[in-house]
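Chemist: sequence plus predicted model, see below.
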Amino acid sequence: MEFKIKDKGFAVFLLACLLVILIFSYALFGMAGLRVALGIIFVSLPFYFILNNFNLEEGEKFIFSLVLGITIFPSLVYALGFLISFKISITIAFIFLLIVAFTMPKIKKKPNNSK
Amino acid sequence: MKLNKNYLQTFIFVLVYLFAIYFWSQPYQERRIPYGEYDAMSHFELADYMAYNDKSFSQLPPYIDIRYGPDNKFKPHTLWYPPTFHASLGVMEVIGGERVLPVYLMNTMMVTFIIISVYFVINSLFGFLPAILSAVLLIFSPRDFMPYLWGQWPERFGYTFIPLILYCFYKYFVSYSKGESKPIYLYLTAALAGINLLVHPLTFFHSAAAVAVLYIFLSIKQKKLIFNWKHASISLIIFLIIFFSFPYQTFNILPQLGTIRTASGTMIKDNKQFSFGRIFQWSLDPKDYEGSVPASYFSFREMDGLWTLPFLLLGIAILCWRREERDLLMIAWLVSLYLVLHRDIIGQASFLHRSLSATAHIFVPLTAIGAVYLSSIIKIPENFNLYLKYALVAIFLYLTLFVAAPYARQYLNKDIYNPNSINGKLSYDFLKILTQPQFDAAQWILENVPDEYNLSVLGIPHEPNFLPATAYKIRWSMAVSQHVSRFYYLLDDRDNFTKVNYVMLDYTMVGPTGDEKLFNSMQSFEKNMTGHELVYDKNRIRIYKPNGI
C-alpha cells in the first residue's frame, strides 16, 4: 500500500487543521467533544486508505472517506453487534476495514501479474 | 516553506465549519440534557439503546415499541429506519463515553455536513469565493436548522448526498465523454445513492431525480447518450448490495409510497387533488400544514431573505445563459428540486413540505454565484472589475452577518429548549424538556429498575391545557430511563397498573406551575400508598417500588 505525505506543507496543513479541530472540540464540549472529534477521524481513516487505492483527488478522498466513515463503518458495527458486543464491534470493524484497505492493492494488481 | 493557496482556503473553510458547529450546538453547550420534538426522541432512543446496552437490535424494546411498533409496515415492531444513521450516533456515544453530548454533537456534525458537501462541490466547480460564501450563508439557513431542532435528523443528513451524488455522476459523465473513462466516479455515485437510501428514502428519491435530470441535460449538451454495460452493471451490484443489507427497513419504503402521516402518526392514503396552479408556484400553501409547521417556513422572505433574490435570479440567469457542463449540474439540481416539490402531480404528496427544506442547498450557491459573477458581466476595465467583485463579496458577507445571522439567532440560541427558568420566568420548555433532577431520576430508573417493570408517574401536569407539552416530558423520561412511563391519572386501569409497577412522584413541577390541586392529590396518594417502598428520594422526586421484588 502506497501512502506518502506528499510534502512538508501538506503535513503542516493537516496538523494545523487537526489541532484547531481538537482544541475547538475540547474547549467547547470537554473530553466527550474531543473523543467525538477523534472518533470521526477514527471511523473515516480506513476509508481514506481504501480510497487512496483509486485515482481520486486529495479533497475527494477526504470528503468521501468522511461520508463512508460515518455511514458504512457504523452499519458494519451494527451488523457485527448481533454477534458480539457493540463496543468490541467498533474495533473489529476498524481492523477489518484496514485489512481491506491494505489488501486491495494486491487484489487490484493480480490481473496484471497473471498476464 | 511557501504558503499554499489551496491549504489556506481549506483552512478558512475549516474555521467557518467550526463556527457552524458552534452556532448549531448552542442548545446543548451548557446543558447535557436531551431535547427536541417527538422525532428527536426516537432518534436518541435508537442510538442510545445500542450504545448503552452494548448490542444491536432489530425488535423494538417496549418503551420504543409503544409508539413506533406499527411504523414499519413491512415488518412491524422492528426498526422502521435502516440502522445506518442511528448506529453512527451509537458508535459516537460509545467513543464519546457519555450518553447525551456525543449523540447530539455527532448529529450536529451530520446535519451540518451539507455545508461541507456544498462547499466541496462549489469549490471544485466554481472556485473558492462562491464556495465559501455559500458555506457562510448556509450556516444561517432557517429551513435547515428548524427541522434539525424539530428532530428530523436523518433527513437533514440525507440531503448532504444530493450534491455529492451529482458531483460523482458529473465527473463520470464528463470524463467518459472525453475518452478518459473514470468508472470509480460511477461506482461512488451508486455507493452514495445506496447509502442515501439507507439514511432517508425521501432524499434518495430527490438524488435519483437530480441524476436523471443531469443525465438528460449533459446528453443534450454533448449530443450523445453515454452508457457502458460494464460500469452500469458493477454500479447496480454495488447499489443492490447496499439496498439489500437491511431489507426489513428498505422494503418498508414501498408501503409508504403515496401515503401521508396524520397528526396522530398513522399513515393514510393521500387523496389530495393536485391543482394546476401549483405548477407556477414554488412553495406550498401554509394552510395545508397548519399545526405542524409554522407559516414562516413557507416564506421566501423569512427563510431565505429578500436580499438574496436579485443575486439568486442573476445566478440562475448567468448559468442558463452560459450553459457550461458545470452550469448544467447546478441547473439540474434546481430543476430536480422543482420536480420533487411538485411530485403531488403524480400522487406522491407525502412529506411534500419537507422537500422544501432542501431549497437553501441549491438557492444559496446560486445566490453566491450570482454575487461573484455579477462583476464579470459588467463591461468595465479589468482592475475595476476585480474591485467590484470584492465589493460584492463584502456586501454579500455584510448582509449574511448582519441580516441573516441575527434572524437565525432568534430561532437558534442557548435558550431554546431550555427547561430552566430564564430571567426568573418559566419557559414553555419547562413543561416539555427534562430538567436536571428529572434527568437524574430517569437515569436512576435505568440503572436500578428491572426491565420488566413500568412506571406510573404523578406530578407531571396531565390536564388538557398542559398535556400537549407535558406528554413530551413523559416521553423524554421514557427515552432516558428506557422504561415505559405513564401518567397515573390517564391510566384506565391505574390501580392495577400501579400495584405491580414502580411509582414516581415528581414534586418539582407542581410548585412552579402553581397546581395546588395536583399537589394535594399527590400528597394524599402518597399518604395512602400501601404495598410500595421508597427507594429514591432526591431533588423533590420520589420513586417507590412494589413490595416483594
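Modeler: Yes, it's here. Please read these numbers as outputs of a predicted model, since none were measured by experiment.
Chemist: for residue 22, what are its contacts?
Modeler: In the absence of a named chain, this looks at chain A. Counting by C-beta atoms under 8 Å, 6 or more residues apart in numbering or on different chains, A:L22 makes contact with A:34, A:37-38. C-beta coordinates here come from the backbone N, C-alpha and C atoms, glycine included.
Chemist: actually, chain B is the one I wanted.
Modeler: Counting by C-beta under 8 Å, 6+ apart, the residues that B:Y22 touches are A:24, A:28.
Chemist: restrict the contacts of A:L22 to contacts with chain B.
Modeler: Counting by C-beta under 8 Å from any C-beta of the partner chain, A:L38 from these sit close to chain B.
Chemist: most neighbours, which of the contacts of A:L22?
Modeler: Counting neighbours by other C-beta atoms under 10 Å in any protein chain shown, the top entry in the contacts of A:L22 is A:A37, with 23 neighbours.
Chemist: surely that one touches A:I21?
Modeler: Yes: here A:A37 reaches A:I21: they are 5.5 Å apart, a contact under C-beta atoms under 8 Å.
Chemist: isn't B:L374 up against B:L392?
Modeler: Yes: between B:L374 and B:L392 there is a contact under C-beta under 8 Å: 5.6 Å.
Chemist: just the endpoints, please. Distance across stretch B:348-360?
Modeler: 22 Å (C-alpha to C-alpha, to the nearest Å).
Chemist: may I see the buried residues of that stretch?
Modeler: The neighbour-count check on stretch B:348-360 (16 or more other C-beta atoms under 10 Å in any protein chain shown) flags B:348-360 as buried.
Chemist: and what of stretch B:393-409?
Modeler: Applying 16+ other C-beta under 10 Å to stretch B:393-409 flags B:393, B:396, B:399-400, B:404, B:408 as buried.
Chemist: mark which of the residues you listed are part of helices, please.
Modeler: The helices, defined by DSSP state H, take in B:393, B:396, B:399, B:408 from the buried residues of stretch B:393-409.
Chemist: re earlier: export the buried residues of stretch B:348-360 to TSV and tack on pLDDT, secondary structure and distance to B:I474?
Modeler: Shown next, in TSV, are the buried residues of stretch B:348-360 (pLDDT from 0 to 100; DSSP: H, G, I helix; E, B strand; the rest coil; distance: C-beta to C-beta, whole Å):
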residue	pLDDT	secondary structure	distance to B:I474
B:Q348	80	coil	35
B:A349	80	coil	32
B:S350	80	coil	28
B:F351	83	coil	27
B:L352	88	helix	31
B:H353	90	helix	28
B:R354	92	helix	27
B:S355	94	helix	32
B:L356	94	helix	31
B:S357	95	helix	28
B:A358	97	helix	33
B:T359	97	helix	35
B:A360	97	helix	35
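Chemist: what secondary structure does the nearest residue to B:D515 once chain neighbours are set aside sit in?
Modeler: Residue nearest to B:D515 in three dimensions, not counting chain neighbours: B:P461, with 5.9 Å by C-beta to C-beta, 6 or more residues apart in numbering or on different chains. For B:P461, the assignment made with DSSP: H, G, I helix; E, B strand; the rest coil gives coil.
Chemist: enumerate every residue touching B:P461.
Modeler: Neighbours of B:P461 in contact, by C-beta under 8 Å, 6+ apart: B:431, B:467, B:470, B:509-510, B:513, B:515, B:518.
Chemist: out of the residues you listed, which comes closest to B:K171?
Modeler: Relative to B:K171, the closest of those is B:L431; by C-beta to C-beta it sits at 51.1 Å.
Chemist: ok, that closest one - how many residues close by?
Modeler: 21.
Chemist: nearest residue to it in space, please, no chain neighbours.
Modeler: That would be B:A469: by C-beta to C-beta, 6+ apart, it lies 3.7 Å from B:L431.
Chemist: part of a helix, is the one you found?
Modeler: Yes: per three-state DSSP, B:A469 lies within a helix segment.
Chemist: from memory it sits against B:I433, does it?
Modeler: No: the pair B:A469 and B:I433 fails to qualify as a contact (C-beta under 8 Å) at a distance of 9.4 Å.
Chemist: those two - which one has more neighbours?
Modeler: B:I433 (24 against 16).
Chemist: pLDDT score assigned to residue 12?
Modeler: Answering for chain A, as no chain was given. pLDDT, A:V12: 90.
Chemist: wait, chain B
Modeler: In this prediction B:I12 is given a pLDDT of 97.
Chemist: report the central residue of the chain.
Modeler: No chain specified, so I'll use chain A. Centroid-nearest residue in chain A, with C-alpha atoms, centre = their mean: A:L45, separated by 1.3 Å.
Chemist: can you look at chain B instead?
Modeler: Chain B, centroid-nearest residue using C-alpha atoms, centre = their mean: B:W153 at 2.6 Å.
Chemist: roughly how far apart are it and B:P419?
Modeler: Distance, B:W153 to B:P419, by C-beta to C-beta, to the nearest Å: 20 Å.
Chemist: what's in contact with stretch B:398-409?
Modeler: Against stretch B:398-409 from outside (C-beta under 8 Å, 6+ apart): B:23, B:133, B:136-137, B:139-142, B:145, B:302, B:305, B:307-308.
Chemist: neighbour-wise, which of these leads?
Modeler: If you count neighbours using other C-beta under 10 Å, the busiest of the contacts of stretch B:398-409 is B:L137, which has 28 neighbours.
Chemist: good, we can wrap up now.
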